[in-house]
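> My questions concern the predicted model and sequence given below.
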Amino acid sequence: MTGRAKAVLKKGVAGVSQWFLPAMILGAAGFLILEAASVLVSAGGLRFLRPVWRPGGQDYGVGALVICSLFAALPATLLTVLFGTPCAFLMAQRDDSKLVALARVSLGVWAGVPSIVVGVLVLACLTPFTGLSLLAGVCAIACMIFAGFVLSLAALIENADRARFVSLKALGFAHVSCLYHGLWPEIRRTAGALVLLTLARGLGEATAASLVIGGIVSAIPPTVFGGTETLATAVLKGFPVATGDYMAAVSVTVATLLLLIAMCVAAAARIRRGTNEGE
């Protein structure tokens, strides 16, 4: 094969790879949205929007799952940002430390741990004190999204323009002031996009949360030590057994979850595009 043929083949493979996955995702999303729309029209859609979710009692209000999902994913994302941001800054500023190298390896391994394992660990270590509850679910989701957030933010900090940071450091400013005034302005928009992507990841977490979150909507809004259910865990539980109206409700649930995640991703892309445009 000639060099020109190889180049054409390589370009063709790259083009197919670039468009195949987005096309597949959009196709699946379109199918789910059309399926949910047909269910809402044909099955009296308003009853799927009520804030009551009790499959055993024929109550399939997806609105309840949206509320519970936000109550689970938002605190988990907040915990991840609060504890993960200092870790990321320390890893980025002291990248020659053996302790930091060990932390990187540990976080890399943790990021690859299956969610079922994380769920079992939380079930064994935390639920004896909290029970199957929203709090346990929040901790499980936070465990799943923490490593990815820290590693991504650390990489973002390492690749940021440090000219202003170095200048302030040379002028004798405190390290915290150098970080806030010299480095943070360079990464704040991209970091904001990262937070939204982390929230989207939290909204989609199902397996780990399903083991510890209770599996029943006990109250709206959910209580800290009460059981609850999220969009993702409801889909995980419902698909193998759902029929009739229950299956219709699961279809609407999938479409709703997809819509929430798409909104997070679109907002993150908008923020990131603002960074590229110099806004």
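Received, thanks. Numbering: from 1, shown residues only.
> can we go C-alpha only for contacts and neighbour counts from here?
Fine.
> Give me the below-cutoff pLDDT ranges for the stretch 151-279 of the chain.
161-166, 168-169, 171-177, 180-182, 241-245, 274-279 (pLDDT under 70).
> mind redoing it with 80?
158-186, 215-220, 238-252, 255, 272-279 (pLDDT under 80).
> count of neighbours near residue 248?
Residues near residue 248, counting by other C-alpha atoms under 10 Å, number 20.
> Output the contacting helices and strands for the strand or helix carrying it.
Taking DSSP states H and E as the definition, residue 248 sits inside helix 244-276. Where contact means 3 or more C-alpha pairs under 8 Å, 6 or more residues apart in numbering; DSSP states H and E, helix 244-276 is packed against helix 3-42, helix 62-93, helix 184-204, helix 231-238.
> Out of these, name the one with the poorest average pLDDT.
Among the helices and strands packed on helix 244-276, helix 3-42 carries the lowest mean pLDDT, at a mean of 60.
> Now for the nearest residue to residue 111 once chain neighbours are set aside: which residues touch it?
With C-alpha to C-alpha, 6 or more residues apart in numbering as the criterion, residue 111 has its nearest non-adjacent residue at 5.4 Å, and that residue is residue 147. Each residue near residue 147 by C-alpha atoms under 8 Å, 6 or more residues apart in numbering is listed here: 107-108, 110-111.
> swap in residue 157?
By C-alpha under 8 Å, 6+ apart, the contact list for residue 157 reads 88-89, 92, 183, 187.
> try residue 231
Neighbours of residue 231 in contact, by C-alpha under 8 Å, 6+ apart: 62, 65-66, 68-69, 203-204, 253-254, 256-257.
> same deal with residue 120?
Counting by C-alpha under 8 Å, 6+ apart, residue 120 has contacts 208, 211.
> how close does it sit to residue 237?
17 Å (C-alpha to C-alpha, to the nearest Å).
> just to revisit the earlier point, just the buried ones from the contacts of residue 147, in PyMOL syntax?
The buried subset of these, as determined by 16 or more other C-alpha atoms under 10 Å, is captured in PyMOL by this line:
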select buried, resi 107+110+111
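> from the contacts of residue 147, which single one is nearest residue 273?
residue 111 (27.2 Å; C-alpha to C-alpha).
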